[in-house]
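**Student:** mind folding the following:
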Amino acid sequence: MKTLETERLLLRQWRAGDETDVYDYASGNRVGPMAGWKPHESIEETRALLSRFREEDETWAIELKETGKVIGSLGLHARKRPNFPLPYDRELGYVLSEKYWGRGLMPEAAAAALAFAFGERNARAVIVSYFPFNLRSKRVIEKLGFRPLFRLPENWLRYDGALLDEIVCILTRRDFFGTVSGKLSP
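**Tutor:** I've put the predicted structure just below:
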């Protein structure tokens, strides 16, 4: 993946040693459950995840330039949802260390990734989803200019057996260049 740079962040490929920073936030009890996955129980679990990220080459490490610390991840995934009613090119997914919530870092990172998707990869549309209880993620999605499409009731089976609703949103190339790129500079 191409390295992207914003004022405060580097979106870069995963490196050996990143697992320590990722385990630091992925083992906590808030980050994973907000995204629908269980907290990591071992550094080996984190290493396996990062190995998959490297192999798939769809997910950036989010590095805080000030410290060089990996504080999250952001992916533009090519996977397709079965029977999806509208065409789209990528699905946005992201996670941020709880220590960095509320600082505008995720909209900054995601705006850079979307500029890459629409500008360099000529994407026509990107989708994203969130769980109704994840109001922080909802706010990021709103800041980026995504429009809600629909609610999928009990569509996500969480690690603890709970069936969660998903709110699915879309951002088109035209909407991005007409609204977001003027508000958030990558």
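
**Student:** and the residue nearest to His77 when sequence neighbours are not counted, how many neighbours does it have?
**Tutor:** In space, and not counting its chain neighbours, His77 is closest to Glu91: 4.6 Å by Cβ to Cβ, 6 or more residues apart in numbering. For glycine as for every other residue, the C-beta is placed from the backbone atoms N, C-alpha and C. Per other Cβ atoms under 10 Å, the neighbour tally for Glu91 reads 19.

**Student:** point to the residue nearest the middle of the protein.
**Tutor:** Geometric centre of the chain, nearest residue: Tyr94, 1.7 Å, by Cα atoms, centre = their mean.

**Student:** OK, contacts around it?
**Tutor:** Tyr94 makes contacts with Gly72, Ser73, Leu74, Gly75, Met106, Ala109, Ala110, Val140, as judged by Cβ atoms under 8 Å, 6 or more residues apart in numbering.

**Student:** is the residue nearest to His77 within a helix or a strand, and which one?
**Tutor:** Glu91 belongs to strand 90-96 when assigned by DSSP states H and E.

**Student:** give me every residue that touches Ser27.
**Tutor:** Going by Cβ under 8 Å, 6+ apart, Ser27 touches Pro39, His40, Glu41, Thr46.

**Student:** which SS class is the last one?
**Tutor:** Using DSSP: H, G, I helix; E, B strand; the rest coil, the secondary structure recorded for Thr46 is helix.

**Student:** with the third one instead?
**Tutor:** Reducing the assignment to helix, strand or coil with three-state DSSP, the entry for Glu41 is coil.

**Student:** separation between Glu56 and Leu50?
**Tutor:** Distance, Glu56 to Leu50, by Cβ to Cβ, to the nearest Å: 11 Å.

**Student:** confidence score at the residue of the chain positioned farthest from its centre?
**Tutor:** Here the chain reaches farthest from its C-alpha mean at Gly161, the gap being 22.9 Å by Cα atoms, centre = their mean. For Gly161, the pLDDT comes out at 91.
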